[in-house]
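*Asks:* turn this into a structure:
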Amino acid sequence: MYRLIVQSVIPEGKRQQTMSQTETVTNLRVHLEQFLTALAYEDGYARNTVAAYRNDLSQLIEFLGHHESPIGSWADVSAADLSAFVESLRTMKLAKRHGEEKAVAPSTIARKVAALKSFFSYLLTKGVILTDPALALEAPKVAKRTPKTMSSEEVGRLLAAPGTSTQPKPLRDRALLELLYATGVRVSELVSLKLDDINLTEKAIRVKSENNGRERSVPMVDKAAECLQVYIDRGRPHFVKPTGNQAALFLNQRGQQLTRQGMWLIIKEYANRAGLDYEVTPHMLRHSFAAHMLHDKKASLSEVQRYLGHANISTTQIYVQPQPPIALPEPEV
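*Replies:* Numbering: from 1, shown residues only. Here you go, the predicted model:
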């Protein structure tokens, strides 16, 4: 865990915010909130992505709030202002717990530059600014890392780990693992599934976006549908409690909707049983689903994009790169 040393961002002697600066920040935030709303509800960006945009652009607003000459609107922001902000990121230090310092990673700066470019492009299309000051802004060159995936053999070992027991927990866990890999849904989407989101006749599930409520239909293979049917018929009734969540698909021992944390623990348990000597996460299964679907030509790039719920196909294209050996999982996409 790191904390920012903001002294390197705010020009010396400008750290005392005046009332006019407070008003300036408020004015700038109006359009920022509109942009974030558009990302979430029009473009369907994931919650974590929207939060990253908020953090990056709020940091820019803080920087502009301590500008030598108060900046009252986005139209007053120049290319030089943005270059100065990016340069401040290069000199910024991150303080570690024991007093050591660390520079901001080039990948972090590149992400913030990308956020600036998206935001100012949005402002230009809305007529808030007449020229785009971020147009010539350059980001550090960062090698694009391919998400780490599991091999088909390793996935098979994981899916087989719950065994063939007919007890309620193994039935639930087998259905959970099969569905997670067979559909590539996010862990938050999986635990949010309700009984009426499942169509076993069509072998598909209805997934709802956390951000904008948009729905997408994702098919599942026969084995996942079979495991899900057995769980619903023979396993789930044992988890249902009068005071519990009657609608949720996956339930815990208290009859409540299974949590993200509970899901992680289940996967960790069976990864250990399968003898996988690295950390297996729900998102690694999502990455593996996408990579295997494309590699085995079971779906087109646009189909995988739709299954994963990606707003932009460029996000999905990372899976067509050569897959490296297993390592630590990448952040959520």
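
*Asks:* for stretch 245-254, the averaged confidence score.
*Replies:* Per-residue pLDDT over stretch 245-254 has a mean of 94.

*Asks:* can you measure across that stretch, start residue to end residue?
*Replies:* End-to-end distance for stretch 245-254, by Cα to Cα, to the nearest Å: 9 Å.

*Asks:* could you give the separation of it from the chain centroid?
*Replies:* For stretch 245-254, the distance between its averaged C-alpha position and the chain's averaged C-alpha position is 25 Å (Cα atoms, centre = their mean, to the nearest Å).

*Asks:* ditto for stretch 62-79
*Replies:* For stretch 62-79, the distance to the chain centre is 31 Å (Cα atoms, centre = their mean).

*Asks:* with just CA atoms, put that stretch into PDB.
*Replies:* What follows is the C-alpha trace of stretch 62-79 in PDB, where atoms were taken according to Å, rounded to 0.1, in the frame of the first residue of the first chain:
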ATOM      1  CA  GLU A  62      -6.300  19.300  -7.800                       C
ATOM      2  CA  PHE A  63      -3.300  20.300  -9.800                       C
ATOM      3  CA  LEU A  64      -5.200  23.000 -11.800                       C
ATOM      4  CA  GLY A  65      -6.700  24.300  -8.500                       C
ATOM      5  CA  HIS A  66      -3.200  25.400  -7.500                       C
ATOM      6  CA  HIS A  67      -2.400  27.000 -10.800                       C
ATOM      7  CA  GLU A  68      -0.700  30.400 -10.700                       C
ATOM      8  CA  SER A  69      -3.600  32.000 -12.500                       C
ATOM      9  CA  PRO A  70      -7.000  30.600 -11.400                       C
ATOM     10  CA  ILE A  71      -8.500  28.400 -14.200                       C
ATOM     11  CA  GLY A  72     -12.300  28.800 -14.200                       C
ATOM     12  CA  SER A  73     -13.200  26.500 -17.000                       C
ATOM     13  CA  TRP A  74     -11.900  23.600 -19.100                       C
ATOM     14  CA  ALA A  75     -11.600  26.000 -22.100                       C
ATOM     15  CA  ASP A  76      -8.900  27.800 -20.200                       C
ATOM     16  CA  VAL A  77      -6.700  24.700 -19.900                       C
ATOM     17  CA  SER A  78      -3.800  24.700 -22.300                       C
ATOM     18  CA  ALA A  79      -1.500  22.000 -23.700                       C
END
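
*Asks:* how about it, which residues are buried there?
*Replies:* Neighbour-count burial for stretch 62-79 flags 62, 63, 64, 65, 66, 67, 71, 74, 76, 77 (criterion: 16 or more other Cβ atoms under 10 Å). The C-beta positions use only the backbone N, C-alpha and C, and glycine is treated the same way.

*Asks:* residue 205: which element?
*Replies:* With secondary structure defined by DSSP states H and E, residue 205 is part of strand 204-208.

*Asks:* pLDDT (mean, whole number) over that strand?
*Replies:* Model confidence over strand 204-208 averages 91 on the pLDDT scale.

*Asks:* likewise for stretch 150-168?
*Replies:* Predicted confidence along stretch 150-168 averages 95 (mean pLDDT).

*Asks:* please consider this matter closed, and thank you.
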